[in-house]
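Student: Here is a sequence with its predicted model. Questions after.
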Amino acid sequence: MRKRRLKSLLKRLHDLRNQKRITRDSLLMKLGAAQKDAGKAFGLMIITLPEAGQPINEDTFHWRINRAKYRQTYRREGRYLLRSNLPPDNPATLWEYYIQLTEIEEAFRNLKGDLAICLIHHQNESRIEAHIFIAFLSYCLHVTLKQRCKQQASGLTPRSVLEQLKAMQMIDVIIPTVDGGWLTMPRYTHPDKAQQLLLAKLNLVLPPQPPPKITRKQFESSCGEDL
């Protein structure tokens with residue numbers, strides 16, 4: 001990416017110098033746009049600009065690559081530079097703290113992304129505590145699923161597992177009986193082949209279907225004519 005941006009910047013500089021009737025002010029404005037497009041690659045160039053009133057040609061407007069800075073940038077590519085006020089006795093401790101920071105940031109991304117936990121304005125303290133408890137419990141389950149994926153199938157992520165399994169639903173099948181009651185059968189939908197393979201890969205076994213329940217007319221009066 002650095003080489004591509006540097007090559008594009010050099011081409012842009014040549015185009016600017018070859019433009020006819022370009023003024024110094026216009027040149028500075030176009031250089032500002034070129035600097036925005038080039039990003040950090042612009043800092044690798046040493047550019048000589050014309051003075052006020054001078055014509056724009058090879059003598060007044062030229063450039064070269066800062067080889068010392070380019071060499072330093074090349075050597076630092078793919079490396080982290082961490083600055084801290086910790087003593088330099090054990091650099092591994094600084095790296096462990098940095099990894100903890102990335103894990104905390106990932107936890108917030110999971111809470112807002114995969115778990116879709118959003119802001120809710122509660123009116124009393126008990127509901128606030130319940131909200132925090134449910135959010136923390138869901139995150140614990142998310143971490144457990146992440147560890148299960150790491151152990152059983154390293155190529156899977158909690159997000160991909162949730163995307164596959166969210167098609168399974170829990171429904172209540174309600175059937176009227178001859179004596180005026182209602183037969184309620186809670187059921188989860190049968191997993192398809194992809195979901196079965198995923199469950200087998202994670203070594204997960206679905207619980208048995210819940211037993212049916214029979215209710216009397218009070219259920220009918222509470223539900224109304226919608227049933």
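Tutor: Received it, and whenever you're ready, just let me know what you need.
Student: So the residue most central in space within the chain: helix, strand or coil?
Tutor: The structure's the chain has its C-alpha centroid closest to Arg109; by CA atoms, centre = their mean the separation is 6.4 Å. Put simply, Arg109 is helix when judged by DSSP: H, G, I helix; E, B strand; the rest coil.
Student: for it, what are its contacts?
Tutor: With contact set as CB atoms under 8 Å, 6 or more residues apart in numbering, Arg109 has no partners. Backbone N, C-alpha and C define where each C-beta goes, glycine included.
Student: which parts of stretch 17-30 are buried?
Tutor: Neighbour-count burial for stretch 17-30, counted by 16 or more other CB atoms under 10 Å, picks out Arg17, Arg24, Leu27, Lys30.
Student: how far is it from where the chain is centred?
Tutor: 42 Å (CA atoms, centre = their mean, to the nearest Å).
Student: now stretch 37-56
Tutor: 37 Å.
Student: which residues touch it?
Tutor: With CB under 8 Å, 6+ apart, stretch 37-56 has contacts from 2, 5-6, 8-9, 12-13, 17, 22, 24, 27-28, 31, 34-35, 60-66, 69-70, 73.
Student: Just the buried ones from these, in PyMOL syntax?
Tutor: Only the buried entries of the contacts of stretch 37-56 go into this PyMOL selection, using 16+ other CB under 10 Å:
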select buried, resi 5+6+9+12+13+17+24+27+31+34+35+61+70
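Student: ranges for the strands of the protein?
Tutor: Using DSSP state E, the strands of the chain run over 45-48, 62-65, 170-176, 182-188, 213-215.
Student: a markdown table please, covering those and showing distance to Phe133 and mean pLDDT.
Tutor: Formatted as a markdown table, those follow (distance: least, CB to CB, whole Å; pLDDT from 0 to 100):
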| stretch | distance to Phe133 | mean pLDDT |
| --- | --- | --- |
| strand 45-48 | 57 | 91 |
| strand 62-65 | 59 | 91 |
| strand 170-176 | 22 | 89 |
| strand 182-188 | 25 | 90 |
| strand 213-215 | 29 | 85 |
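Student: Put together JSON lines for these, with distance to Cys140 on each row.
Tutor: Shown next, in JSON lines, are the strands of the chain (distance: least, CB to CB, whole Å):
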{"stretch": "strand 45-48", "distance to Cys140": "52"}
{"stretch": "strand 62-65", "distance to Cys140": "53"}
{"stretch": "strand 170-176", "distance to Cys140": "21"}
{"stretch": "strand 182-188", "distance to Cys140": "23"}
{"stretch": "strand 213-215", "distance to Cys140": "31"}
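Student: where's His131 relative to Leu119, distance?
Tutor: Distance of His131 to Leu119, given as CB to CB, to the nearest Å: 10 Å.
Student: From the neighbour counts alone, determine which of these two ranks first.
Tutor: Ranked by neighbour count (other CB atoms under 10 Å), His131 and Leu119 place His131 first, with 14 against 6.
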